[in-house]
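Asker: give me a 3D structure for the following:
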Amino acid sequence: MSQGGAAAREAAKSQDQGWAWMVLLAAVLLQGLTLGFPSCIGVFFTDLQHEFQASNSETSWFPSIMVAVLHGGGPLCSVLVKRFGCRFAVMLGGLLSGVGMVSSSFCKSISQLYLTAGLITGLGSCFSFQAGVTVLGYYFVRWRTLANAMASTGVSLGFTLWPLLSQYLLDEMGWRNTFLIFGGILLNCCVCGAIMRPVQLASVNQSPKPAEEPGKRAEGAQLSNGASSPHPELQQQTRRTACFQMLQKYLAFDIFCQNKGYQIYTIGVTWMMMGFALPHVYLVPYAIQNGVEERRAALLISIIGFINIFIRPLTGLLSGHRVFTGRRIYLFSLAVLLCGLSNFICVISAEFSVLIIYCVILSIAMSGIGALTFQVLMDVVEMDRFSSALGLFTILESITLLIGPPLTGLLVDITSDFHYVFYNSSFFLISAALFMGLSFFALEKKNKLKEASKVPLDNPSRYQYNETPTEPQSESQSPPAVVYITSI
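Answerer: This is a model prediction of the structure:
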């Protein structure tokens, strides 16, 4: 009892003060090193095409695989964090990212680049980023919202600095040596992980263990007895139940089938991602093809990141106002619609001054999307199932992030016209915005009609779009589980 009290006091001392701010600084650097890193790949697009004699479709698989793995590896990172802790996951991710980029500098074909820089570096970035976000939940309680908002500025800083550094190194020493240097830079994720001491994690988790361990022992005894039991059907049923519980824990298929709001939102965002990443991949090669100097073309991506630094926090504060409670989905749809409409600016002209205007408008729309994505998801899903719902959400969107740029690249190869990049992006974004906005409006109207025809409940405002009552789980009493955040 005294040891538990001492551990609790030690945990309280490290929360929201002292070393917690060093952990926050490490999280800012992690987000810049991981989520911000794919923003620079467009700078190398033309050079990689010439080096490997690859088409637009073949070359675009490289950033698509990296971003898809970065987004879709959340459930795997969750298992890793629960088994080994946040520090181990961050440092392993840094090692994988560094090794992936160093290996990519020796690649002899574009397909080898898919494995090294795409899969290995993408998976390493996923581990480092996701675990880095998770550890903030243990070090911050009172200032947790502020800490997450400050940590997210690392993404915008990465978007601003990575393209500029990439273009400078590319001009000075070529893409192979640049990738080699990037491998060394990404190894700094290991340094950030070393700062994230596991003392807080152990002390916070100490209290739930006595209640959990007997259940685990009983489950283990049941499985061991089942192994020696003469009833193989019972054993198979136990395994199926355990498998189903794990799938339900990390991938909330039951919520997707029963919660209409979550179903609409997940389908809408998944469809949106088919076009969302296209400007990031093709904007720089599009500008270079139309006569813009390479250094100025790389500056376009940096402009998007720089504006994000200021607009994203303002958008988050605005959406948190009570006026927008229950209406954030419409703000999100409006931001997606603006993002889609902005692409027509590139179709009108490819002059550098016009492209700057495009980047400013696109950055404002992206800030709204990035600030609202998870707030809307929290409005739609009950918090005790949020981690599970987010796991399925990120995996589905990673699929469209993977196939979107290569399919558009194939269209560009066939037509030899880069304008189809922005036509495609606009189509997916605008259609997704209209689908989500109109569907939620119809769902809200339907729910109001149902409430009007029934006897009023004691608390009719609870979970406006959520139709699935769920029982609280033991996880809701422990510190936050891995939260899968994307680079939106």
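
Asker: surely residue 32 is in contact with residue 152?
Answerer: No. With contact defined as CB atoms under 8 Å, residue 32 does not count as touching residue 152 (10.3 Å). Where you see a C-beta, it was placed from the backbone N, CA and C, and this is true even at glycine.

Asker: from residue 429, how far out is residue 277?
Answerer: Noted for residue 277: a distance of 11 Å to residue 429, by CB to CB, to the nearest Å.

Asker: give me the more crowded residue out of the two.
Answerer: residue 429 (28 against 24; other CB atoms under 10 Å).

Asker: how about that one, nearest residue that isn't a chain neighbour?
Answerer: Excluding the flanking residues, the one nearest residue 429 by CB to CB, 6 or more residues apart in numbering is residue 340, at 3.1 Å.

Asker: so who does the one you found touch?
Answerer: By CB atoms under 8 Å, 6 or more residues apart in numbering, the contact set of residue 340 is 275, 425-430, 432-433.

Asker: element containing it?
Answerer: Element membership of residue 340 [criterion: DSSP states H and E] is helix 328-348.

Asker: now swap in residue 108 and tell me
Answerer: Counting by DSSP H and E, no helix or strand carries residue 108.

Asker: and it, how many residues sit next to it?
Answerer: Residue 108: 9 neighbours (other CB under 10 Å).

Asker: ok, and residue 270, which helix or strand is that part of?
Answerer: helix 260-276.

Asker: buried sites along whichever helix or strand comes after that helix?
Answerer: Toward the C-terminal end, the helix or strand that comes next after helix 260-276 (DSSP H and E) is helix 278-289. Neighbour-count burial for helix 278-289, counted by 16 or more other CB atoms under 10 Å, picks out 278-288.

Asker: out of these, who's nearest residue 137?
Answerer: Nearest to residue 137 among those is residue 280, at 28.7 Å by CB to CB.

Asker: surely the closest one meets residue 300?
Answerer: No. Residue 280 is beyond contact range of residue 300, at 10.3 Å (criterion: CB under 8 Å).

Asker: any low-confidence regions in the protein?
Answerer: Under the criterion pLDDT under 70, the flagged ranges of the chain are 1-14, 16-17, 145, 199-237, 239-240, 242-252, 383, 387, 455-488.

Asker: what about 50?
Answerer: Across the chain, the ranges flagged by pLDDT under 50 are 1-2, 7-8, 200-229, 460-479, 481-485.

Asker: where exactly do the strands run in the chain?
Answerer: Assigned by DSSP state E, the chain shows no strands.

Asker: longest helix of it?
Answerer: Among the segments of the chain that qualify as a helix by DSSP state H, the longest is helix 144-186.

Asker: and residue 102, how far is that from residue 343?
Answerer: With CB to CB as the criterion, residue 102 and residue 343 are 36 Å apart.

Asker: out of the two, which sits in the more crowded spot?
Answerer: When neighbours are counted by other CB under 10 Å, residue 102 and residue 343 differ, and residue 343 comes out ahead with 24 against 20.

Asker: OK, contacts around the more buried one?
Answerer: For residue 343, the contact set (CB under 8 Å, 6+ apart) comprises 279, 358, 362, 422-423, 425-426, 429.

Asker: let's see that with 6 Å instead.
Answerer: Contact partners of residue 343, counting by CB atoms under 6 Å, 6 or more residues apart in numbering, are 422, 425-426.

Asker: make a markdown table from the residues you listed and add distance to residue 82 to it.
Answerer: Below are the contacts of residue 343 laid out as a markdown table (distance: CB to CB, whole Å):
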| residue | distance to residue 82 |
| --- | --- |
| 422 | 42 |
| 425 | 37 |
| 426 | 41 |
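
Asker: and of those, the nearest to residue 378?
Answerer: residue 425 (27.2 Å).

Asker: buried ones in the helix holding residue 340?
Answerer: Neighbour counts over helix 328-348 (16+ other CB under 10 Å) mark 328-333, 335-340, 342-343, 345-346 as buried.

Asker: quick one: which of these is nearest residue 179?
Answerer: Nearest to residue 179 out of these is residue 346 (CB to CB; 28.4 Å).

Asker: what sits closest to the closest one if chain neighbours are left out?
Answerer: Leaving aside its chain neighbours, residue 346 sits nearest to residue 422 (4.7 Å; criterion: CB to CB, 6+ apart).

Asker: the one you found: neighbour count?
Answerer: Residue 422 has 25 neighbouring residues, counting by other CB under 10 Å.

Asker: residue 422 and residue 270, how far apart?
Answerer: Residue 422 is 21 Å from residue 270, where distance means CB to CB.

Asker: tell me how far residue 450 lies from residue 443.
Answerer: 11 Å.

Asker: next: residue 52.
Answerer: 48 Å.

Asker: can you check residue 71 too?
Answerer: Relative to residue 443, and taking CB to CB, residue 71 is found at 26 Å.

Asker: so between these two, which is more surrounded?
Answerer: residue 71 (27 against 18).

Asker: contact partners for the residue nearest to the more buried one when sequence neighbours are not counted?
Answerer: Of all residues not flanking residue 71 in the chain, residue 398 sits nearest, at 4.1 Å (CB to CB, 6+ apart). Going by CB under 6 Å, 6+ apart, residue 398 touches 68, 71-72.

Asker: show me those that map onto helices.
Answerer: 68, 71-72.

Asker: can you add distance to residue 266 and give those back as a markdown table?
Answerer: Listed next are the ones in helices among the contacts of residue 398 as a markdown table, based on distance: CB to CB, whole Å:
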| residue | distance to residue 266 |
| --- | --- |
| 68 | 16 |
| 71 | 14 |
| 72 | 14 |
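
Asker: what about the helices in the stretch 351-488 of the chain?
Answerer: Listed in chain order, the helices of the stretch 351-488 of the chain (DSSP state H, counting those that start in this stretch) span 352-380, 386-415, 419-453.

Asker: now the second one: buried residues?
Answerer: Buried residues in helix 386-415, defined by neighbour count with 16+ other CB under 10 Å: 386-398, 400-402, 404-409, 411-412.

Asker: again with stretch 158-173
Answerer: By 16+ other CB under 10 Å, the buried positions in stretch 158-173 come out as 158-167, 169-170.

Asker: quick check, nearest of the residues you listed to residue 94?
Answerer: When these are compared for distance to residue 94 (CB to CB), residue 158 wins out at 14.8 Å.
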